[in-house]
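1. got a structure for you, letters missing:
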Ligand code: NAD
Ligand code: IPM
Ligand code: MN
């Protein structure tokens, strides 16, 4: 098999700390992958003004199979313009319309909910990733005056809404899952979310064997705490998906182990932890590398290396079960705390012993 080229963009803060480990794990698997590093992030932006070089998207589209991404965000760039120009730009310009975020419990001890364990916590969120409130459509009028008007427009296209809903049903169907729930706010956002409701009703007719339910997002947020077992697949817009997946992470062990894919089926796609650059712990050896490792497993699956993906995921599960842990997991799993590097080393050993 020809080598698949992977662009590694570690980014800012804890991004490089966890990316180093993720890359070592991937390289240890002996697959025909060629991992190439790119230094885009706050340091590069502050040094020479580069956010992404001209032509980079085209290069990704033409020559790369995937992007393995750490995190972006830096207190020295308070406007976050480099993060928008790197991460959101890739999501938009590569048209990565599926933000796939599994909220799956790997170990009962990680659940914060009484009586809810691995059987109950295993839902997956399909977050629309190319429109909604994320397109920077809007503006300020009379900025900085008492009469200021600030407008942020939510974009919902028929095509965008339909393809993410279809992807959610398709995923459920292929995995034998029974239920798809859509989260919206159609009781208030009559135009945009009215469109979501109409399209959801249409698409669900094409999948009669799947139970389809539309819910208001506030009610769903509550119900995910009350009875998470009632959900298999959740489909929603960009902003609600962002919020619900941090909630989903908190239900399944925290941001330190929440992984995601930004996917356009059949095209170059991007895999990254749900967490950000965590400036509060950056440089301290406290970052949990498991979310990055699991994002690597999702990438391998996407690239057609299902066995290697399963091995990597099993190594992470084993690490949670009986290995050491970073401080974020100590309240759930007990102490003492280990460093990012120690956890990474153990994962590598575990992977090599399961070959
Ligand atoms: P964050 O996800 O960086 O951190 C939230 C909390 O979770 C912090 O207390 C942090 O220490 C903890 N945390 C996150 N990842 C962890 C890990 N791997 N191990 C242990 N603890 C972890 O969110 P934030 O603080 O709101 O944002 C920080 C910066 O990151 C901002 O600039 C934000 O815009 C950016 N951000 C980027 C992404 C991304 O690149 N995909 C995602 C979210 C936030
Ligand atoms: C995420 C992040 C991003 C988002 C930010 C950093 C733009 O929170 O990937 O969840 O809101 O999508
Ligand atoms: Mn987020």
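-> Yep, that arrived. Bear in mind the structure is a predicted one, so any value in this text is a computation, not a measurement. Ligands and ions are numbered 1, 2, ... in the order given.
2. would you mark the buried spots in stretch 260-268?
-> For stretch 260-268, burial by neighbour count (16 or more other CB atoms under 10 Å) applies to 260-264, 268. (C-beta placed from N, C-alpha, C; glycine too.)
3. hmm, I typed the wrong one, I wanted stretch 304-321.
-> 305, 308-309, 311-313, 315-320.
4. nearest to residue 100, of the buried residues of stretch 260-268?
-> Nearest to residue 100 among these: residue 261, at 4.4 Å, using CB to CB.
5. what's the separation between residue 337 and residue 278?
-> Residue 337 is 15 Å from residue 278, where distance means CB to CB, to the nearest Å.
6. hmm, back to that, Serialize the buried residues of stretch 304-321 to CSV and add fields for pLDDT, secondary structure and distance to ligand 2.
-> Converted to CSV, those look like this (pLDDT from 0 to 100; DSSP: H, G, I helix; E, B strand; the rest coil; distance: CB to the nearest ligand atom, whole Å):
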residue, pLDDT, secondary structure, distance to ligand 2
305, 97, coil, 24
308, 97, helix, 25
309, 98, helix, 21
311, 97, helix, 26
312, 97, helix, 21
313, 97, helix, 21
315, 97, helix, 25
316, 97, helix, 20
317, 96, helix, 24
318, 95, helix, 27
319, 96, helix, 24
320, 96, helix, 22
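7. coming back round to it: closest to ligand 1 out of the buried residues of stretch 260-268?
-> residue 260 (8.2 Å; CB to the nearest ligand atom).
8. just the pLDDT for the closest one.
-> Note on residue 260: pLDDT of 98.
9. which residues are in contact with the residue lying closest to it once chain neighbours are set aside?
-> The shortest distance from residue 260 to any non-neighbouring residue, by CB to CB, 6 or more residues apart in numbering, is to residue 101 (4.6 Å). Contact analysis of residue 101 by CB atoms under 8 Å, 6 or more residues apart in numbering lists 124-125, 127, 241, 245, 248, 258-260, 274.
10. looks to me like residue 101 is in a strand.
-> Yes - assessed by DSSP: H, G, I helix; E, B strand; the rest coil, residue 101 belongs to a strand.
11. what is it paired to in the beta sheet?
-> residue 125 (DSSP bridges).
12. can you give me the offset of stretch 159-174 from its chain's centre?
-> Relative to the centre of its chain, stretch 159-174 is centred 17 Å away, using CA atoms, centre = their mean, to the nearest Å.
13. for that stretch, buried residues please.
-> 160-172.
14. let's see which of those end up in helices.
-> Among the buried residues of stretch 159-174, the residues falling in helices (DSSP state H) are 160-172.
15. could those residues go into JSON lines alongside distance to residue 226?
-> Output for those, formatted as JSON lines (distance: CB to CB, whole Å):
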{"residue": "160", "distance to residue 226": "31"}
{"residue": "161", "distance to residue 226": "28"}
{"residue": "162", "distance to residue 226": "30"}
{"residue": "163", "distance to residue 226": "31"}
{"residue": "164", "distance to residue 226": "26"}
{"residue": "165", "distance to residue 226": "25"}
{"residue": "166", "distance to residue 226": "29"}
{"residue": "167", "distance to residue 226": "27"}
{"residue": "168", "distance to residue 226": "22"}
{"residue": "169", "distance to residue 226": "25"}
{"residue": "170", "distance to residue 226": "28"}
{"residue": "171", "distance to residue 226": "24"}
{"residue": "172", "distance to residue 226": "22"}
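16. farthest-separated two in these?
-> 160 and 172 (19.5 Å).
17. do you know how far residue 203 is from ligand 1?
-> Separation of residue 203 from ligand 1 (CB to the nearest ligand atom, to the nearest Å): 28 Å.
18. and residue 241, how far from ligand 1?
-> 13 Å.
19. on that earlier part again, and which of the ones in helices among the buried residues of stretch 159-174 is nearest ligand 2?
-> Closest to ligand 2, out of all of these and judged by CB to the nearest ligand atom, is residue 164, at 14.5 Å.
20. what sits against the closest one?
-> 97-98, 126-129, 235.
21. so where does the residue in the stretch 201-350 of the chain that ligand 2 sits nearest to fall, helix or strand?
-> Closest to ligand 2 within the stretch 201-350 of the chain is residue 242: 4.4 Å, counting by CB to the nearest ligand atom. Using DSSP states H and E, residue 242 sits within helix 238-251.
22. got the buried residues for that helix?
-> 238-242, 244-245, 248-249, 251.
23. where in the stretch 251-355 of the chain is pLDDT low?
-> Applying pLDDT under 70 to the stretch 251-355 of the chain flags the ranges 355.
24. which parts of it are helices?
-> 290-302, 306-322, 330-333, 340-353 (DSSP state H, counting those that start in this stretch).
25. ok, for residue 17, nearest residue in space, not its chain neighbours?
-> residue 287 is the one closest to residue 17 (CB to CB, 6+ apart), at 4.8 Å.
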